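*Asks:* Sequence isn't available, so here's the structure alone:
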């Protein structure tokens, strides 16, 4: 149910006439927010159906719980970094709105936000887990 506003935002942004930078970053944010919801649901399913407990007496998480929590942290961090990028993008657009609106998408800035927002420890552990 929590994903409905994010999905509606994603559809609204895709159909709107806002600048390409804002459209791309808002879509990236909505997808990252959906990943937060998915991992939270995944963690709940893991707790309820597989581990059958919410908290242990000694905090010794299972491998799967650790894996899910890393994905949750990564998606949350990505969402936060993209929000920062959207704020910076809006600050840049305020300087000269007419020039900004006529400019093309800055794929370099969007790529930089995407690279900075990924959690390198998750990527490394995912590769090690796959071996």
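*Replies:* Looks like it arrived, so ask away. Note that the structure is a prediction, hence the values are computed from the model and not measured.

*Asks:* show me where pLDDT drops low in this protein?
*Replies:* Scanning the chain with the threshold set as pLDDT under 70 gives 51-61, 105-107, 110, 113-114, 116-131.

*Asks:* which residues in this protein form helices?
*Replies:* Using DSSP state H, the helices of the chain run over 3-15, 20-45, 63-95, 97-102, 107-116, 120-130.

*Asks:* Burial-wise, tell me which of those helices comes out on top.
*Replies:* Across the helices of the chain, averaging neighbours per residue (mean count of other Cβ atoms under 10 Å) puts helix 20-45 on top, at a mean of 18. (Glycine included, C-beta is placed from N, CA and C.)

*Asks:* Next, the angle from it to helix 63-95.
*Replies:* Counting by axes from the mean of the first three to the mean of the last three Cα atoms, to 10 degrees, helix 20-45 lies at 160 degrees to helix 63-95.

*Asks:* next one: helix 20-45 to chain centre, how far?
*Replies:* Helix 20-45 has its C-alpha centroid displaced from the chain centroid by 5 Å (Cα atoms, centre = their mean, to the nearest Å).

*Asks:* What angle do helix 3-15 and that helix make with each other?
*Replies:* Going by the same axes, to 10 degrees, helix 20-45 makes 160 degrees with helix 3-15.

*Asks:* Tell me which other helices or strands helix 20-45 touches.
*Replies:* Here helix 20-45 touches helix 3-15, helix 63-95, helix 107-116, going by 3 or more Cβ pairs under 8 Å, 6 or more residues apart in numbering; DSSP states H and E.

*Asks:* Pull the distance from the second one to the chain's centre.
*Replies:* So the one you mean is helix 63-95. 5 Å.

*Asks:* how about the helices and strands packed on helix 20-45 in a markdown table, adding distance to residue 32?
*Replies:* Output for the helices and strands packed on helix 20-45, formatted as a markdown table (distance: least, Cβ to Cβ, whole Å):
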| stretch | distance to residue 32 |
| --- | --- |
| helix 3-15 | 9 |
| helix 63-95 | 4 |
| helix 107-116 | 10 |
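
*Asks:* do you know which of the ones you listed lies nearest residue 44?
*Replies:* helix 63-95 (9.7 Å; Cβ to Cβ).

*Asks:* Okay then, goodbye and thanks.
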